[in-house]
Structures are given as C-alpha cells and as structure tokens.
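> Sequence and predicted structure, then a few things I'm wondering about:
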Amino acid sequence: GAVVSQHPSWVICKSGTSVKIECRSLDFQATTMFWYRQFPKQSLMLMATSNEGSKATYEQGVEKDKFLINHASLTLSTLTVTSAHPEDSSFYICSATVTWEFADTQYFGPGTRLTVL
Amino acid sequence: KQEVTQIPAALSVPEGENLVLNCSFTDSAIYNLQWFRQDPGKGLTSLLLIQSSQREQTSGRLNASLDKSSGRSTLYIAASQPGDSATYLCAVQGGKLIFGQGTELSVKP
C-alpha cells in the first residue's frame, strides 16, 4: 500500500515550452502533497505544499507563476513548469501524506527528470 | 530555522564492514526522523522512521537511533554489501520535512 506514482519519469523539452508533471496516490487519498526539487549531488528542497481544493503554498524563493500547482482531487496533483529554461533542469519529486497513528508519513514518488535544452 | 547535516558526505568501505552514518539537526522540536535510501537517478525509499518519543528502530541489518536532546541520529548498517551502495538521506519532520545533504555510500566487493 501507499504507492505514489509520477508521470512522466523523464522529459526533454525545448527552452520556452511548458511541461506538466503528474503525481498520483494510487491506493490512498492524500489531502496534502508536496513537491520537491533536487539538483545533482544536492538534497531535496521543498518547493511547495499542495492541498486538495485550495491554492498551493510556495516556499520562499519559488516563483508561483513559473511553477503552477493544481491539486484537483485527493489522488492527483500536477506541477506545470511554465516557459521552462535550462536552469529549470532538475529532478522533481512529489510526495503524498498519509496519517498513521496520529502522525503524518510522506510517501515519495519515483521522481521526474526534466531536461530543458 | 531547522538545519540538517549529514557526515560524512561520502564513504567507501569494503564489503562486510559495519558502518555508521551520522545526522544532526539544530531544532529538537521534531515529530519524527526518517532515513531514506536513494539510488542514482531514482526516487526515495524509506528505510526507517523514528517517532520523537522513540529511541531507535531496527529493520534487518539496519538500526537507527535518535537522541532528540542532542539533535543527533545515527544509521548503523551491519555487514555491508555492495547492494547497499546508494545515497542515504536523513530528514526531520517538524511541520515540514527537512532533508540533509546525504551520505554517498560505496561498498566495494
């Protein structure tokens, strides 16, 4: 149980195009999903917190107009990188939260490798 | 602001050795601490989760300890194997999940 999927697993696009990444909780409902970014040899940095039915909360320094997040249902959150540039190339990972025994546990997706040419 | 530090950044050991990875955090007000494994180009695999009220957790050859008062956790790997080669990340949860930079482990046959 508690499986999170991401699609696509990798994408290559031209500079200036927009890319949509999907994050799905396959066997549970997640009221909260998180989006992280990981540059090579670095750790995961939280980009935003996505709550079903409401606007995402972005971390300081993350442009909300560039990284559009939509949490349309309890099992799906999408991250759209608008007008992507080479510096947006990174590994994007989502997670979904499940509450077990009064504590929240995050389950992570397999990640999406974005390369912007 | 919570900061998580992992030492060493990289570690290379011969197969069969026991090893310890270290994680320290600056704010002891946490709900839990989690250790993850990440293979190159892949997502995260959760290894062990220690609640703030717990001192340690064990799973197979892995043992993680937590000392909240000193802001430290260790991940002990017994009888290391080449298949253990990966990056190990610790993360503390106190509202948000804050990750350390990771320890890149290489176990040589």
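Okay, I see it.

> Does anything pack onto the worst-scoring helix or strand of chain A on mean pLDDT? Which helices or strands?
Ranking every helix and strand in chain A by mean pLDDT, DSSP states H and E puts strand A:103-108 at the bottom, with a mean of 80. With contacts taken as 3 or more Cβ pairs under 8 Å, 6 or more residues apart in numbering or on different chains; DSSP states H and E, strand A:103-108 sits against strand A:90-100, strand B:44-51. (C-beta placed from N, C-alpha, C; glycine too.)

> Quick check: buried residues in the longest one?
Neighbour counts using 16 or more other Cβ atoms under 10 Å in any protein chain shown place A:90-98 of strand A:90-100 among the buried residues.

> For residue B:20, which residues are in contact?
Neighbouring residues of residue B:20 by Cβ atoms under 8 Å, 6 or more residues apart in numbering or on different chains: B:74-77.

> which one of those is nearest residue A:47?
Nearest to residue A:47 among those: residue B:75, at 26.4 Å, using Cβ to Cβ.

> residues contacting the closest one?
With Cβ under 8 Å, 6+ apart, residue B:75 has these contacts: B:20-21, B:23, B:35, B:47-48, B:62-64, B:88, B:90.

> Would you mind measuring from it to chain A?
The gap separating residue B:75 from chain A is 16 Å, by Cβ to the nearest Cβ, to the nearest Å.

> quick revisit: out of the contacts of residue B:20, which comes closest to chain A?
Taking Cβ to the nearest Cβ as the measure, chain A lies nearest residue B:75 of the contacts of residue B:20, at 15.6 Å.

> Not counting residues beside it along the chain, what's closest to the closest one?
Once flanking residues are discounted, residue B:75 sits nearest to residue B:21: 4.4 Å by Cβ to Cβ, 6 or more residues apart in numbering or on different chains.

> In which helix or strand does that neighbour reside?
Here residue B:21 is covered by strand B:19-25, with elements defined by DSSP states H and E.

> so what's residue 12 up against?
This is for chain A. Applying Cβ under 8 Å, 6+ apart to residue A:12 gives the contacts A:115-117.

> ah, no, chain B please
Residues near residue B:12 by Cβ under 8 Å, 6+ apart: B:105-108.
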